[in-house]
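Chemist: Make a model of this:
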Amino acid sequence: MNKDYVKLAIAPIGWTNDDMPELGKENTFQQTVSEMALAGFSGSEVGSKYPRDPAVLKPMLEIRGIQICNAWFSTFFANGEKAKTIDEFVNHMNFLHAMGAKVIGCSEQSKSIQGTTLAVFDQKPIFTDEEWRLTAEGYNELAKIAAEKGMQVCLHHHMGTGIQTPAEIDRFLALTNDDVYLLYDTGHLYYSENSEQAMLAVLEKHLPRINHVHLKDVRDEKVAEVRSQKLSFLEGVKRGTFTVPGDGVIDFKPVFKLLDDAGYRGWMVVEAEQDPALANPFEYAVKARKYIRETAGI
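Modeler: Okay, here's the model as predicted:
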């Protein structure tokens, strides 16, 4: 892949988990970003321990050669919370803009069960036609707002939400304008469909609409536990559903080839939440960086 076009980042969720703060509570912000830099990454997403004042955060990152590339934002359009979502989005966008980020990764969290104890495979939400309409309308508006700042909005398809499966991703992209993009996440697609073929088909089909990539690997035996024992998304994370590229079952070579052939420009982010007590974050960051260097040539 072309180093001039593609940049590598890593998310702080491997060090401290925002959904389960007890995981990695001992890891400080400064340790996290220092280890990211030491492992060879040049970018980061934003975690709960990051200072939210750009004047404070920027110098702490610049000294380590780290740039902010994105930060999670929850939308609630299907629930009818349009005004509140847009109001909060503007604040979030302004922070990211001040940090130099170009994309805003959003997840439609109406009816989401990802943070609950419900069985992620059996009780995932399904949107009604009206909820789909509200979601698409909301994202079209977010894209217009972001464009005024020279930024782009992308939807993060996610386990336990109303936009998880290939069919749901297809529907979302068909209902929204071309300036609404997709945050493509290898781990969530593989997890949802238990299929590398389905994961790659979504990538190939929607390449022109993909502007941000999460690189996440999966452990098949843990997904099987989640299915058979009807476990929640977070319980799966604690047990080790996800891991870094090169440590699970996904072959990333075709992923990198499809992105490269399409001339992908943007960030690829290692985003693999694990229990830091079971998977040392620095060790796994180094493992991921080595695998990407060997596999993607960057």
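
Chemist: in stretch 148-156, what's buried?
Modeler: M151, Q152, V153, C154, L155, H156 (16 or more other Cβ atoms under 10 Å). Quick note: C-beta positions are derived from backbone N, CA and C, even for glycine.

Chemist: For that stretch, give me every contacting residue.
Modeler: By Cβ atoms under 8 Å, 6 or more residues apart in numbering, the surrounding residues in contact with stretch 148-156 are 72, 93-94, 96-97, 101-108, 139, 142-143, 146, 163, 172, 179-183, 185, 188, 210-212, 214.

Chemist: C-alpha coordinates for it, CSV please?
Modeler: What follows is stretch 148-156 as a C-alpha-only set of coordinates in CSV (Å, rounded to 0.1, in the frame of the first residue of the first chain):
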residue,chain,number,x,y,z
GLU,A,148,-19.0,23.2,6.0
LYS,A,149,-15.8,22.4,8.0
GLY,A,150,-14.3,20.4,5.2
MET,A,151,-15.0,17.2,7.1
GLN,A,152,-16.8,13.9,6.3
VAL,A,153,-19.2,11.8,8.3
CYS,A,154,-19.1,8.0,8.3
LEU,A,155,-21.3,5.3,9.8
HIS,A,156,-19.6,2.7,12.0
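
Chemist: Could you turn the buried ones of the contacts of stretch 148-156 into a ChimeraX selection?
Modeler: For selection in ChimeraX, the members of the contacts of stretch 148-156 meeting the burial criterion (16+ other Cβ under 10 Å) are listed in this command:
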select :72,93,96,97,101,102,103,104,105,106,107,108,139,142,143,146,163,172,180,181,182,183,185,188,210,211,212,214
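
Chemist: Of the contacts of stretch 148-156, which belong to strands?
Modeler: Among these, the subset assigned to strands under DSSP state E consists of 103-108, 180-183, 185, 210-212, 214.

Chemist: Return the member of those residues nearest to E45.
Modeler: G105 (7.8 Å; Cβ to Cβ).

Chemist: Tell me where the model's unsure across the stretch 101-250 of the chain.
Modeler: Across the stretch 101-250 of the chain, no stretch falls below the confidence threshold (pLDDT under 70).

Chemist: Identify the residues contacting G236.
Modeler: If a contact means Cβ under 8 Å, 6+ apart, then G236 has V120, K222, V223, E225, V226 as its contacts.

Chemist: now L278
Modeler: G240.

Chemist: And the pLDDT at it?
Modeler: Looking at L278, its pLDDT is 92.

Chemist: Quickly note the distance from it to I13.
Modeler: 14 Å (Cβ to Cβ, to the nearest Å).

Chemist: repeat for G263
Modeler: Using Cβ to Cβ, one gets 29 Å for the distance from G263 to I13.

Chemist: wouldn't Y291 be in contact with V244 here?
Modeler: Yes - shown here, Y291 and V244 form a contact pair, counting by Cβ atoms under 8 Å, at 7.4 Å.

Chemist: Tell me which of these two has more neighbours.
Modeler: Taking Y291 and V244 together and counting by other Cβ atoms under 10 Å, V244 has the greater number of neighbours (28 against 18).

Chemist: quick one: the residue most central in space within the chain from I292, how far?
Modeler: With distances taken as Cα atoms, centre = their mean, the residue of the chain nearest its centroid is H214 (5.1 Å). When Cβ to Cβ is the yardstick, H214 and I292 sit 13 Å from each other.

Chemist: C-alpha coordinates for stretch 202-216, CSV please?
Modeler: What follows is stretch 202-216, C-alpha atoms only, in CSV (Å, rounded to 0.1, in the frame of the first residue of the first chain):
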residue,chain,number,x,y,z
VAL,A,202,-19.0,-5.4,1.6
LEU,A,203,-15.6,-3.9,1.1
GLU,A,204,-15.6,-4.5,-2.6
LYS,A,205,-19.2,-3.4,-3.1
HIS,A,206,-18.9,-0.1,-1.2
LEU,A,207,-15.2,0.9,-1.8
PRO,A,208,-16.1,4.4,-3.1
ARG,A,209,-18.1,5.1,0.1
ILE,A,210,-15.4,4.0,2.6
ASN,A,211,-13.4,6.8,4.1
HIS,A,212,-12.1,5.2,7.4
VAL,A,213,-11.1,1.6,8.2
HIS,A,214,-10.9,-0.3,11.5
LEU,A,215,-8.6,-3.2,11.5
LYS,A,216,-9.8,-5.8,14.0
